[in-house]
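Trainee: One predicted model, sequence on top.
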Amino acid sequence: MDKKGSPQLLGMRNGLSLGVVLLATVVALFEPGAATSQASSRPTGATTPPPRLLPAMAYDSVRQEIVMFGGLDANFFDLGDTWIFDGTSWTELQPATAPSPRSGAAMIFDRARSEIVLFGGSTGVDETWTWDGDTWTKENPTIRPPSRTRPGFAYDGARRQVVMFGGCCFLGDTWLWDGTNWTAAEPPRSPSPRYSPGMTYDAARREVVLFGGSEGGGETWVWDGTNWTQLFPPSSPSDRSAFGMVYENALRRVVVFSGCCTPDDTWAWNGKTWTQLITNGSPPGRHSPGMAYDVARRRSVLFGGIDIDTLTVFGDTWLLRRSTWRQIL
């Protein structure tokens, strides 16, 4: 499978200093069909999710739990499992229906409709799915965005709609989901095409924040429901893609962690500038983790990802509260 046909590979190093030997190693791991529709096996009765990268992860504020779906396992096979995290432990669910195994899907909680929305992914084509806490439902909108993996995805609380931007490979479109249908937005200005950016809703400033991404140049953009505006903060994280990014309601800040290809740094956005946090402890640096903010317990949750230098796929769970990282699983 060549790189163009393997969206999971694109951006692993974002074209930045990936050695020929390492690239050949990664490509060799992705045999034809390996990251398509085949789910990997795992031990029966697992009490923690298997290690993975590129999972879809979102906080369900109605049921006060984090939901995780799919991703790529340590053998680079697509997963199709559904897990919930209650702040202490993970539980695997067995819904009667579910999306096909996939990685790089976009997922967020739609507060207006009290359900999680999932779009696309490596085998998801142009599918839209919703999760109500018990059941996955495949939606049937009359208008659908083109298929993609790793777009920016956020719920715009001020305008009560899901916003999607970009995705693999090198899309630069903006789409809006109202619970029934997708609408292609046509803003006069827009970020350049990219995939694997960070994107979240900043409730304090009532705008969606987008940072970085492949070919993103370390840029910061905001969406006001009509237009994208590029900001030029005095300080900023280094150019990166495939990182963890959440909005922490309790502290009214956006948080970014690690990514490709950066160390284990943690940054915060206050609406005007980025500040690197001096943290107590830290997860190892990683590419393509899942990350969500647990509103009820006032802490960010990080799961999985990959060390692109060693190809170690993580299965650890970390919590960030204020400036302290702590591994719990």
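Mentor: Alright, I've got the coordinates.
Trainee: Give me the buried positions along stretch 70-85.
Mentor: Across stretch 70-85, burial judged by 16 or more other CB atoms under 10 Å covers 70-74, 76-85. Just so you know, the C-beta spots here come from the backbone N, C-alpha and C atoms, and that holds for glycine as well.
Trainee: what's the nearest residue to residue 86 if we skip its chain neighbours?
Mentor: Nearest non-adjacent residue to residue 86, counting by CB to CB, 6 or more residues apart in numbering: residue 65, 5.3 Å away.
Trainee: Need the per-residue pLDDT for that neighbour.
Mentor: pLDDT, residue 65: 98.
Trainee: Would you check that it makes contact with residue 83?
Mentor: No. If you go by CB atoms under 8 Å, residue 65 and residue 83 don't touch, sitting 9.8 Å apart.
Trainee: Just the element for residue 68, please.
Mentor: Here residue 68 sits within strand 65-72, counting by DSSP states H and E.
Trainee: tell me how far that strand is from the chain's mean position?
Mentor: Centroid displacement of strand 65-72 relative to its chain, using CA atoms, centre = their mean, to the nearest Å, is 10 Å.
Trainee: Same check on stretch 107-120?
Mentor: Using CA atoms, centre = their mean, the offset of stretch 107-120 from its chain centre is 13 Å.
Trainee: buried stuff in it?
Mentor: 107, 108, 109, 110, 111, 113, 115, 116, 117, 118, 119, 120.
Trainee: And those residues, which two are furthest apart?
Mentor: 111 and 120 (20.9 Å; CB to CB).
Trainee: any weak-confidence spans in this protein?
Mentor: 1-46 (pLDDT under 70).
Trainee: how about a cut-off of 50?
Mentor: Scanning the chain for pLDDT under 50 picks out 1-44.
Trainee: sorry, back to before: any residues touching the strand holding residue 68, and which ones?
Mentor: 8, 35, 49, 52-60, 78-87, 98-99, 101-103, 105, 107, 116, 118, 121, 131, 290, 292, 294, 301, 303-304, 313 (CB atoms under 8 Å, 6 or more residues apart in numbering).
Trainee: Could I get the full set of strands for the stretch 1-150 of the chain?
Mentor: Taking DSSP state E, counting those that start in this stretch to define them, one finds strands in the stretch 1-150 of the chain at 56-60, 65-72, 78-85, 90-93, 106-110, 115-119, 128-131, 136-138.
Trainee: I'd like these laid out as CSV, including distance to residue 258.
Mentor: Shown next, in CSV, are the strands of the stretch 1-150 of the chain (distance: least, CB to CB, whole Å):
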stretch, distance to residue 258
strand 56-60, 15
strand 65-72, 17
strand 78-85, 20
strand 90-93, 21
strand 106-110, 20
strand 115-119, 24
strand 128-131, 27
strand 136-138, 30
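Trainee: These: which one's closest to residue 266?
Mentor: Residue 266 lies closest to strand 56-60 among those, at 17.5 Å (CB to CB).
Trainee: That closest one vs strand 65-72, what angle?
Mentor: Angle of strand 56-60 versus strand 65-72, following axes from the mean of the first three to the mean of the last three CA atoms, to 10 degrees, is 170 degrees.
Trainee: still on that earlier bit, just name the closest of the buried residues of stretch 70-85 to residue 317, please.
Mentor: residue 85 (7.3 Å).
Trainee: wouldn't the closest one be in contact with residue 319 here?
Mentor: No. Judged on CB under 8 Å, residue 85 makes no contact with residue 319 at a distance of 10.2 Å.
Trainee: okay, and the common contacts of the two?
Mentor: With CB under 8 Å, 6+ apart, residue 85 and residue 319 have common neighbours residue 301.
Trainee: Okay, domains of the protein per the record?
Mentor: The record assigns the chain these domain ranges, following automatic domain parsing: 1-31, 233-329.
Trainee: so which of these gets nearest residue 155?
Mentor: domain 233-329 (10.1 Å).
Trainee: Now for residue 128: which residues touch it?
Mentor: Residue 128 neighbours (CB under 8 Å, 6+ apart): 117, 118, 119, 138, 139, 141, 144, 177, 182.
Trainee: pretty sure residue 280 contacts residue 325?
Mentor: Yes. Residue 280 lies in contact with residue 325 (CB under 8 Å); the separation is 6.9 Å.
Trainee: who has more neighbours, these two?
Mentor: Per other CB atoms under 10 Å, whichever of residue 280 and residue 325 has more neighbours is residue 325, with 20 against 11.
Trainee: mind checking which helix or strand that one is in?
Mentor: strand 324-327.
Trainee: List the buried residues in that strand.
Mentor: So, applying 16+ other CB under 10 Å, buried residues of strand 324-327: residue 325.
Trainee: Can you spell out which helices and strands pack onto that strand?
Mentor: Packing partners of strand 324-327 (3 or more CB pairs under 8 Å, 6 or more residues apart in numbering; DSSP states H and E): strand 317-321.
Trainee: Can you name every helix or strand that the strand it packs on contacts?
Mentor: strand 299-303, strand 324-327.
Trainee: Walk me through which strands the first one pairs with, and which way each runs.
Mentor: Right, strand 299-303. strand 290-294 (antiparallel), strand 317-321 (antiparallel) (DSSP bridges).
Trainee: Show me the contact partners of the first one.
Mentor: Applying CB under 8 Å, 6+ apart, the external contacts of strand 290-294 come out as 52, 55-59, 66, 68, 71, 85, 87, 244-249, 257, 299-305.
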